[in-house]
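Participant: dropping the sequence and predicted coords here.
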Amino acid sequence: MTSTLERPTGGAAPAARAREPRRLGVGRSRRSAWDLKLSPYLYISPFFILFAITGLFPIAYTAVISFMDWDLVRNSGEFIGFDQYAWVLSQPKFWIALRNTFSIFLLSSVPQLLLAIFVAAMLDQNIRAKTFWRMSVLIPYVMAPVAVALIFSNMFGDQYGVVNTTLQSLGLPAVPWHSDAFASHIAIATMVNFRWTGYNTLILLAAMQAIPREYYEAATVDGAGKIRQFFSITLPSLKPTLIFVIITATIGGLQIFDEPRMYDQYGTGGADNQWLTVTLWLYNIGWGEWNFGRAAALAWILFLIILAIGAINMFVTRSLVRDDGTRDPRSRRERRAQARAAKERMERDAMTTAPGKETTR
């Protein structure tokens, strides 16, 4: 007895069609392209939404108040134009505060930057307990600013301060730390240097560790010493990081408030405005005189000053980073054109390439 097995004809075709890979259509490739374009903005949008609510709105509201004679009782104001700005710029106290702010900024930022570079270079060497020393330089930064100001204000006391007591024991005259303007600037700058040197040191140390060690090995083979390696390899490689540190130090130095506020028991900048800063005067106008219109105008003047200096620093940063950070000789327009052409080529390949169909016997 024989039996004949017939080949199934109807059930094989659906199974073969089910195993066929799907062809990447035009709609799906477009959706994929839009996903690549929009997803980064979606990921960073929470920060900007929160900033618009808690940061951008108060800034815009302060700009509106700066053009008004604000009444705290009625919580409304009368529009007076640029009169508040004209009043601030016509006050001699504003120019004294601006001079003191820049003086304290220079006395704190320049020594702080030099000391941070030196300490970072020492910590970058092969020393024992490197982790301990690197964490130790950050201890002043985590201290409360009010505590630092109180300790140093007592150290720089005119009569019973530690510094003057030490100077008198050595036969030197006492320094009028609170009555002399320049001496008070040095004392306040010392507080700033004590607190922020370790922070900048760690940033510069991280940049130093990112420099390839092969550069130093080649320099050692060529006979270059440590000092020559530092000025020929380390400093040129730190240019982008140094510009970042300078920008942050500029913004923080022009907004200095805690140290001059806590330098004496009154917090008004001295009897003759010896250490009065712009932010301290802003605080006195807003919460001492209850004149929010003038305080808002002063805040915007300070904002424009910081913005101008920041724009100059950003321009310098871009030129330095383009020359030292990136070695691509192409311009930005050429890079964008090549990236756009490569993207269009990939989309054409995805639409024209059809996968081969599987066949069954």
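Facilitator: Sure, I can see it. Since the structure is predicted, the reported quantities are computational estimates derived from the model, not experimental observations. Numbering: from 1, shown residues only.
Participant: with just CA atoms, put stretch 273-285 into PDB.
Facilitator: What follows is stretch 273-285, C-alpha atoms only, in PDB (Å, rounded to 0.1, in the frame of the first residue of the first chain):
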ATOM      1  CA  ASN A 273      31.300 103.600  52.900                       C
ATOM      2  CA  GLN A 274      34.900 102.100  53.100                       C
ATOM      3  CA  TRP A 275      33.800  98.600  52.000                       C
ATOM      4  CA  LEU A 276      30.300  99.300  50.600                       C
ATOM      5  CA  THR A 277      29.600  97.100  47.600                       C
ATOM      6  CA  VAL A 278      26.900  97.400  44.900                       C
ATOM      7  CA  THR A 279      24.900  94.400  46.300                       C
ATOM      8  CA  LEU A 280      25.200  95.700  49.800                       C
ATOM      9  CA  TRP A 281      23.900  99.100  48.800                       C
ATOM     10  CA  LEU A 282      21.100  97.400  46.900                       C
ATOM     11  CA  TYR A 283      20.100  95.500  50.000                       C
ATOM     12  CA  ASN A 284      20.200  98.700  52.100                       C
ATOM     13  CA  ILE A 285      18.000 100.500  49.500                       C
END
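Participant: so how far is that stretch from its chain's centroid?
Facilitator: From the chain centre to the centre of stretch 273-285 is a distance of 24 Å (Cα atoms, centre = their mean, to the nearest Å).
Participant: state the mean pLDDT of that stretch.
Facilitator: In this model, stretch 273-285 carries a mean pLDDT of 92.
Participant: same thing with stretch 98-105?
Facilitator: Mean predicted lDDT for stretch 98-105 stands at 92.
Participant: how about residues contacting that stretch?
Facilitator: Stretch 98-105 has contacts (Cβ atoms under 8 Å, 6 or more residues apart in numbering) with 181-182, 185, 188-189, 192, 249-250, 253-254, 256, 260, 269, 273-279. Quick note: C-beta positions are derived from backbone N, CA and C, even for glycine.
Participant: if we go to 6 Å?
Facilitator: 185, 188, 189, 253, 254, 275, 276, 277, 278 (Cβ atoms under 6 Å, 6 or more residues apart in numbering).
Participant: same check on stretch 77-84?
Facilitator: 66, 67, 68, 69, 70, 293, 294, 297.
Participant: quick one: end-to-end distance for it.
Facilitator: By Cα to Cα, to the nearest Å, the extent of stretch 77-84 from end to end equals 13 Å.
Participant: so what's the gap between it and the chain middle?
Facilitator: The answer for stretch 77-84 is 34 Å, by Cα atoms, centre = their mean.
Participant: give the buried residues for it.
Facilitator: 77, 84 (16 or more other Cβ atoms under 10 Å).
Participant: any idea of the mean pLDDT for that stretch?
Facilitator: Mean pLDDT, stretch 77-84: 86.
Participant: any idea how far the residue lying closest to residue 229 once chain neighbours are set aside is from residue 230?
Facilitator: Using Cβ to Cβ, 6 or more residues apart in numbering and skipping the chain neighbours, the partner closest in space to residue 229 is residue 219 (5.0 Å). Applying Cβ to Cβ, to the nearest Å, the value for residue 219 to residue 230 is 10 Å.
Participant: could you pull out the helices for the stretch 151-300 of the chain?
Facilitator: For the stretch 151-300 of the chain, applying DSSP state H, counting those that start in this stretch gives helices covering 162-169, 181-209, 213-221, 226-229, 235-237, 239-254, 258-261, 278-283, 292-320.
Participant: no, scratch that, I was asking about the stretch 1-150 of the chain
Facilitator: With DSSP H, counting those that start in this stretch as the criterion, the stretch 1-150 of the chain has helices spanning 12-19, 26-51, 57-65, 83-90, 92-123, 130-136, 139-142, 145-155.
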